[in-house]
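Q: kindly generate the corresponding structure for this input.
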Amino acid sequence: MNHEDYGTKKLPEEKVFKDPVHRYIHVDDQLIWDLIKTKEFQRLRRIKQLGTLYLSFHTAEHSRFGHSLGVYEIVRRMIDEVFVGHASWDNQDRPLALCAALLHDLGHGPFSHCFEKIFLTDHEYFTQEIIKGDTEVNEVLSRVSPEFPNEVAEIINKTHHNKLVISMISSQIDADRMDYLQRDAYFTGVSYGMFDMERVLRLMRPSKDEVLIKESGMHAVENFLMSRYQMYWQIYFHPVSRGGEVLLNRCFKRAKVLYDNGYSFKEPPKYLIPFFEGNITIKDYIRLDEIVVMYYLEEWTEEDDPILSDLSKRFVNRDLFKYLPFDGSIITIGELTELFEKGGIDPEYYFVCDSFSDLPYDYDRPGSNRQPIHLLQKSGHIKEISSQSVIIHSITGIKRLDYKLYYPKELILEMKNEEVKGDIINLLNELI
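A: Predicted structure coming up:
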């Protein structure tokens, strides 16, 4: 069997995964089946899709593994059920599109985006490095051709010449978003993320550089974008979940400070040391998952350092900080920071202003780097969707910001300095 044959080789019998979102995920390509079996892809079973959101929604325990399969399935359906026979689609690109869809989240670390903020890592960078490095995934991809791993990495990096395949996986209406909105809605028990995916898929059309939507599908896209908007503000930015991220961030911040200062841990965190030192190899990255991280957090609950021990206990036992809305006043932050210090509470770990924002939809105008969603009209002309939809026009380019203050209320109430305690409580009450 030569390399080209491997890229299109079919399994003797189709493999099927039962899935709550897509009902079934179908695998009949040997290449895809071999990638799923690699240790790097199996690691995604041990990475939660929604990081700390399980602290808010107890059933949000699903993994990057399931999501990655879902994105693969949507791309497979685009190709096999919608794009087939269209002049703009070259079926020789099928292996490239399927592999990029399956592997797009391969480089996520424990607790996903929260982990990236703590250690300044980039999951897309590590995804590409795992694909191109000395890994089982690379070995499988290289069976297609020596250049094939780099091509898959270029799709994820959005630098490949095939803009159509890139848009299938990474755009403002792509397979990634279509899966995670529905999957996350299902596992959090809400209906915000639901939209008519069947109609969206049926009305997609391939073009040279992007996926187009037939103009009759505009209202289904409106529903999709509003579902995304609601999911971000009702679910992804839930203040309790953000509080979990804040606490986890402070745990690792304290652990790194202790390590840098030569602290002797009862249980040396050997798998985290490369991250503390900023000298991370692909092997280091792959062997770190949420099982390992939770083990260290549990161990740190018994550490002699009172701050690390307390923060770890809080995270493990879901004893989260309280939170209040905040209007962005720097003076109030400065006053509160000073008062926390006077009261004997270290504001570096126990007083956090967390901000987050979202831009529901934008397009390639000055100041924007987003590619628009285009509608294909009956005449063959192409129109940017916000020029045709009043609903989408109303949210285009509108960036919404929110701020929260996180603090340990019980430590404030336990302050012995009554004057400082009263001043802190008075300032916090002004924010309510």
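Q: please count neighbours and contacts with C-alpha atoms only from this point.
A: Noted.
Q: residue ranges with poor pLDDT in the stretch 301-432 of the chain?
A: 328-331, 364-369, 432 (pLDDT under 70).
Q: strands of that one, start to end?
A: 322-325, 352-358, 374-376, 382-384, 400-407 (DSSP state E, counting those that start in this stretch).
Q: how much space between residue 5 and residue 242?
A: 48 Å (CA to CA, to the nearest Å).
Q: quick one: average confidence on the longest helix seen in the chain?
A: Looking across the chain with DSSP state H, the single longest helix is helix 239-260. Regarding helix 239-260, the rounded mean pLDDT is 94.
Q: alpha carbons of that helix, as CSV, please.
A: Written as CSV, here are the backbone C-alpha positions of helix 239-260 (Å, rounded to 0.1, in the frame of the first residue of the first chain):
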residue,chain,number,x,y,z
PRO,A,239,-19.5,34.2,37.5
VAL,A,240,-19.2,31.0,39.6
SER,A,241,-17.2,29.3,36.9
ARG,A,242,-15.0,32.4,36.5
GLY,A,243,-14.5,32.3,40.2
GLY,A,244,-13.2,28.7,39.9
GLU,A,245,-10.7,29.9,37.3
VAL,A,246,-9.6,32.7,39.5
LEU,A,247,-9.0,30.3,42.4
LEU,A,248,-7.2,27.8,40.2
ASN,A,249,-5.0,30.6,38.8
ARG,A,250,-4.1,31.7,42.3
CYS,A,251,-3.2,28.1,43.3
PHE,A,252,-0.7,27.8,40.5
LYS,A,253,0.6,31.3,40.9
ARG,A,254,1.4,30.6,44.6
ALA,A,255,2.9,27.2,43.8
LYS,A,256,5.2,28.8,41.2
VAL,A,257,6.3,31.6,43.6
LEU,A,258,7.1,28.9,46.2
TYR,A,259,9.1,26.8,43.6
ASP,A,260,11.0,29.9,42.4
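Q: so for that helix, what gets flagged as buried?
A: Residues of helix 239-260 classed as buried by neighbour count (16 or more other CA atoms under 10 Å): 239-256, 259.
Q: just how off-centre is that helix within its chain?
A: 18 Å (CA atoms, centre = their mean, to the nearest Å).
Q: do the same with stretch 271-286
A: Using CA atoms, centre = their mean, the offset of stretch 271-286 from its chain centre is 20 Å.
Q: which stretches of the stretch 101-250 of the chain form strands?
A: 204-206, 211-214.
Q: tell me the most buried of the ones you listed?
A: Neighbour counts (mean count of other CA atoms under 10 Å) averaged over each of these peak at strand 211-214, with a mean of 23.
Q: list the neighbouring strands of it plus their orientation.
A: Strand 211-214 has the following strand partners under DSSP bridges: strand 204-206 (antiparallel), strand 374-376 (parallel).
Q: adding distance to residue 427, write those strands out as JSON lines.
A: Listed next are these as JSON lines, based on distance: least, CA to CA, whole Å:
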{"stretch": "strand 204-206", "distance to residue 427": "53"}
{"stretch": "strand 374-376", "distance to residue 427": "49"}
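Q: which stretches of the stretch 151-300 of the chain have low pLDDT?
A: For the stretch 151-300 of the chain (pLDDT under 70), the answer is none.
Q: so residue 252 sits against residue 118, correct?
A: Yes: Residue 252 lies in contact with residue 118 (CA atoms under 8 Å); the separation is 7.1 Å.
Q: so residue 12 belongs to a strand, correct?
A: Yes: per DSSP: H, G, I helix; E, B strand; the rest coil, residue 12 lies within a strand segment.
Q: what is the neighbour count of it?
A: 9 (other CA atoms under 10 Å).
Q: any idea of the pLDDT on it?
A: pLDDT recorded at residue 12 is 97.
Q: would you mind measuring from the residue nearest to residue 280 when sequence neighbours are not counted to residue 282?
A: Excluding the flanking residues, the one nearest residue 280 by CA to CA, 6 or more residues apart in numbering is residue 274, at 5.1 Å. The gap separating residue 274 from residue 282 is 11 Å, by CA to CA.
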